[in-house]
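Student: Provided below are the primary sequence and the corresponding predicted coordinates.
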Amino acid sequence: MKKVIIDVDTGVDDAWAIMFALNSPELQIVAITTVAGNVELDLTTKNTLRILGLMKADNIPVGRGIDRPLLRPLKTGKIAHGDDGLGNVGVPETTRKESTQHGVDMIIDTIMKNPGEITLIPVGPLTNVAVAFLKEPSIAEKVKEEIIMGGAVAVPGNITPAAEFNISTDPEAAKIVFGSGMPITLVGLDVTRKTLMRSAHIEKLASLGTPAGDFVSRSAKIYFDFSKRRF
């Protein structure tokens, strides 16, 4: 079982990623850290806590991270995720608060206390990871691996012909991370465009009659509508 830190900018896709990870027998989520990206940091943090509440996984620490890219203004992806970042489907609120520990320090401390054991999975902009490395460069040697969702290598980008959202939101952070020496696996649009969720999948989830199935099936609508408008 992999011990993982998931670093998220929780819009719809990251919410699904958290839910999938929670149900994976291969993963033990030891921490989740939040970063600005799909929506502003306040919402990515709030949404992460709401999804954990929905999944009855309130024992996982959530560290609030950095609220903007390193050198440029934040441009969110609300057009694809809705004003609340979760498809505007009314996910229940939670009274739970994030950890008092900053997300960057949570990344550093967790890796340093578990050398060679932690898989770091950033599925948003790489701001938190870059700052963690700048603050404590030895995490590059102590992290087991880093699996990044981002980039577009042999396919067009989804922001410009060459740029994918997560990397283009904070390219300076990405440059730091890719040059850090961490053992990196990049899962870019080359992969994600081949692993499609289709209408039949949505209908099956909706038929489960569970809070998780209901959320995924309803929040998918904004993605489907956005894809139809854009492509």
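Tutor: In hand now; what should we look at?
Student: how about stretch 88-96: buried residues?
Tutor: Buried positions in stretch 88-96, judged by neighbour count with 16 or more other Cβ atoms under 10 Å: Val89, Val91. Heads up, the C-betas are built off the backbone N, CA and C, glycines and all.
Student: then stretch 112-131?
Tutor: 117-131.
Student: quick one, helices of this protein?
Tutor: 12-22, 41-54, 78-81, 103-113, 127-135, 139-142, 165-169, 171-178, 189-192, 199-206, 211-230 (DSSP state H).
Student: so how far is the fourth one from its chain's centroid?
Tutor: With Cα atoms, centre = their mean, to the nearest Å as the basis, the distance from the averaged C-alpha position of helix 103-113 to the chain average is 17 Å.
Student: next, the angle from that helix to helix 127-135.
Tutor: 60 degrees (axes from the mean of the first three to the mean of the last three Cα atoms, to 10 degrees).
Student: alpha carbons of helix 103-113, as CSV, please.
Tutor: Coordinates of the C-alpha atoms in helix 103-113 are reproduced here as CSV (Å, rounded to 0.1, in the frame of the first residue of the first chain):
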residue,chain,number,x,y,z
GLY,A,103,0.2,22.9,3.6
VAL,A,104,3.9,23.4,2.6
ASP,A,105,5.1,22.5,6.0
MET,A,106,2.8,19.5,6.0
ILE,A,107,4.4,18.2,2.8
ILE,A,108,7.9,18.7,4.2
ASP,A,109,7.2,17.2,7.7
THR,A,110,5.4,14.2,6.3
ILE,A,111,8.2,13.4,3.9
MET,A,112,11.0,14.0,6.4
LYS,A,113,9.3,11.8,9.0
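Student: okay then, goodbye and thanks.
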